[in-house]
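Student: Fold the following.
(4 chains, ligands or ions: 4)
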Protein chains: 2
Amino acid sequence: MYTLTEENYLKAIYKLSVHTGNVSTNQIAALLATKASSVTDMLRKLADKLLINYTRYQGVSLTQTGEKVAVNIIRRHRLWEYFLVEKLNFKWDEVHDMAEEMEHISSTELIDRLDEFMGFPARDPHGDPIPDCNGNFKINDLKPVSAIPVHSGGIISGVRDHSSAFLQYLEKQELTIGKKITVKEIISYDNAVVLQMGNKNLHISRDVANNLLIAL
Amino acid sequence: MYTLTEENYLKAIYKLSVHTGNVSTNQIAALLATKASSVTDMLRKLADKLLINYTRYQGVSLTQTGEKVAVNIIRRHRLWEYFLVEKLNFKWDEVHDMAEEMEHISSTELIDRLDEFMGFPARDPHGDPIPDCNGNFKINDLKPVSAIPVHSGGIISGVRDHSSAFLQYLEKQELTIGKKITVKEIISYDNAVVLQMGNKNLHISRDVANNLLIAL
DNA sequence: TAAGTTTTTTAGACTTGTCTAAAAATACAA
DNA sequence: TTGTATTTTTAGACAAGTCTAAAAAACTTA
Ligand SMILES: [Mn+2]
Ligand SMILES: [Mn+2]
Ligand SMILES: [Mn+2]
Ligand SMILES: [Mn+2]
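Tutor: Ligands and ions are numbered 1, 2, ... in the order given. I've put the predicted structure just below:
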């Protein structure tokens, strides 16, 4: 239906427009590691196909059709990531690049059966919600560790940074999805955070605290 | 490593060279539903990359590297077909087109783990052998029903025609992989074949008999 | 508001893979 | 062996997606 490239642009625009309103040419170029001029060319094409709302120099947003396509790509990506971790025993830091390829396999029937095969999982290995076959999903209402007060805590439920380096670090510290943590202290000098997990105390930097998401 | 198009050409050349020696430009064009001139262009490219032996007007054969790549694509294709049938409950006539896309997912680690996950299956849903991770597999030594003498028989073990229409016909007649059949009679008028399967007798046309493969 | 800076778009070129039409090589047959 | 038919290759063009360089628009900021 849509080319691999079109799908990647739609997904990029979707991701960028979750937090902001209109998305700029340069933002898309940065995310896709391409040049602004290439983006402009593609934007014209996507606008012609009624997948985005685009007026020159004004930035873009997805149309309803465009958003449906984007959510579907994300559904495919996250289901494959779940498959790779739960069925093929990959680690959570190993699956993103494979899923980047697999998300373009086009059969809807295939993805729906994969979903069923795995028992309709609600979240991918990184805690992100998996849209159902109608594109519906609950947006995660999570807070970074850095934003919760001392003496309170919650369950580790997601990450903001999806890089291998970060995921591997968390794995090593056993700061994985589902673990319960409490903020014991915030070091005023560098805003590092001291966590309690079980009967252990754990130091994490401000940077890590910003990228580790908690359900209260 | 190789583009989707290159992979498809290599697979086509491999399939065509199993039965003949050198493969002609027109044969490849027919199999890939493209034009001879496009094939010539690609042949030059594949020869530059040392994947095929090619002299103009002389036809082509795969180099050792080319054959390794081709066998690997076939491994991927057949493992995904097995997955679709055994894990996602697709029928054997529904999986080819999906596997055509999935065979291009590049990760070797992924395919090896998929293989392990499914218990290292020896054959795909159509009875074709699945190469192992080193590219080794036994070539099926099967005979079409039309080539075996009256009163002998064997186990249905493969098909020559992989079309949906043929596979669906076989399914309906319960002429599926693993069933034991005996040739009861050959009608001299049109060479149709009467089979015995269990306690039932079954008429099949010459055409069907040519495309249904038996292990003796 | 008038520069100056940044962002975005246009212009023109390149790559991959495709096509049609025409030329060259090969195969076949009288 | 000579002429015809077939196969294969070349020549030139096109679409998708990308790039660099330059122009145009929008934003800053004094
Ligand atoms: Mn991912
Ligand atoms: Mn994920
Ligand atoms: Mn197949
Ligand atoms: Mn098969």
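Student: Going by C-alpha atoms from here, please, whenever you check contacts or count neighbours.
Tutor: Will do.
Student: who's in contact with the residue sitting nearest the centre point of chain A?
Tutor: Closest residue to the average C-alpha location of chain A: A:Asp128 at 5.9 Å, with C-alpha atoms, centre = their mean. The contact partners of A:Asp128, taken as C-alpha atoms under 8 Å, 6 or more residues apart in numbering or on different chains, are A:78, A:140, A:158.
Student: swap in A:Lys180?
Tutor: A:Lys180 makes contacts with A:153-156, A:197-198, as judged by C-alpha under 8 Å, 6+ apart.
Student: Please list the residues of chain A that sit near DNA strand C.
Tutor: If contacts are counted using C-alpha under 7 Å from any atom of the strand, the residues of chain A sitting beside DNA strand C are A:24-27, A:36-41, A:55-59.
Student: In ChimeraX, select just the buried ones from the contacts of A:Lys180.
Tutor: Only the buried members of the contacts of A:Lys180 enter the following ChimeraX selection, criterion being 16 or more other C-alpha atoms under 10 Å in any protein chain shown:
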select /A:153,154,155,156,197
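Student: Please write out the alpha-carbon positions of whichever strand or helix holds A:Val69 in PDB.
Tutor: Assigned by DSSP states H and E, A:Val69 belongs to helix A:64-86. As requested, the backbone C-alpha atoms of helix A:64-86 are provided in PDB (Å, rounded to 0.1, in the frame of the first residue of the first chain):
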ATOM      1  CA  GLN A  64      -6.700  11.000  10.100                       C
ATOM      2  CA  THR A  65      -5.600   8.600   7.400                       C
ATOM      3  CA  GLY A  66      -2.000   9.400   8.000                       C
ATOM      4  CA  GLU A  67      -2.300   8.900  11.700                       C
ATOM      5  CA  LYS A  68      -4.100   5.500  11.200                       C
ATOM      6  CA  VAL A  69      -1.200   4.300   9.000                       C
ATOM      7  CA  ALA A  70       1.400   5.600  11.500                       C
ATOM      8  CA  VAL A  71      -0.300   3.900  14.500                       C
ATOM      9  CA  ASN A  72      -0.500   0.700  12.500                       C
ATOM     10  CA  ILE A  73       3.200   0.700  11.800                       C
ATOM     11  CA  ILE A  74       3.800   1.300  15.500                       C
ATOM     12  CA  ARG A  75       1.500  -1.600  16.300                       C
ATOM     13  CA  ARG A  76       3.500  -3.800  14.000                       C
ATOM     14  CA  HIS A  77       6.900  -2.600  15.400                       C
ATOM     15  CA  ARG A  78       5.900  -3.300  19.000                       C
ATOM     16  CA  LEU A  79       4.300  -6.600  18.400                       C
ATOM     17  CA  TRP A  80       7.400  -7.900  16.700                       C
ATOM     18  CA  GLU A  81       9.600  -6.500  19.500                       C
ATOM     19  CA  TYR A  82       7.400  -8.500  21.900                       C
ATOM     20  CA  PHE A  83       7.700 -11.600  19.800                       C
ATOM     21  CA  LEU A  84      11.500 -11.300  19.600                       C
ATOM     22  CA  VAL A  85      11.800 -10.900  23.400                       C
ATOM     23  CA  GLU A  86       9.100 -13.300  24.600                       C
END
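Student: Counting neighbours, which bits of it end up buried?
Tutor: The neighbour-count check on helix A:64-86 (16+ other C-alpha under 10 Å) flags A:66-85 as buried.
Student: before we move on, what about stretch A:190-199?
Tutor: Burial within stretch A:190-199, assessed by neighbour count using 16+ other C-alpha under 10 Å, is assigned to A:192-197.
Student: average pLDDT across that stretch?
Tutor: Stretch A:190-199 shows a mean pLDDT of 95.
Student: from the contacts of A:Lys180, which single one is nearest DNA strand D?
Tutor: Nearest to DNA strand D out of those is A:Ile156 (C-alpha to the nearest atom of the strand; 35.8 Å).
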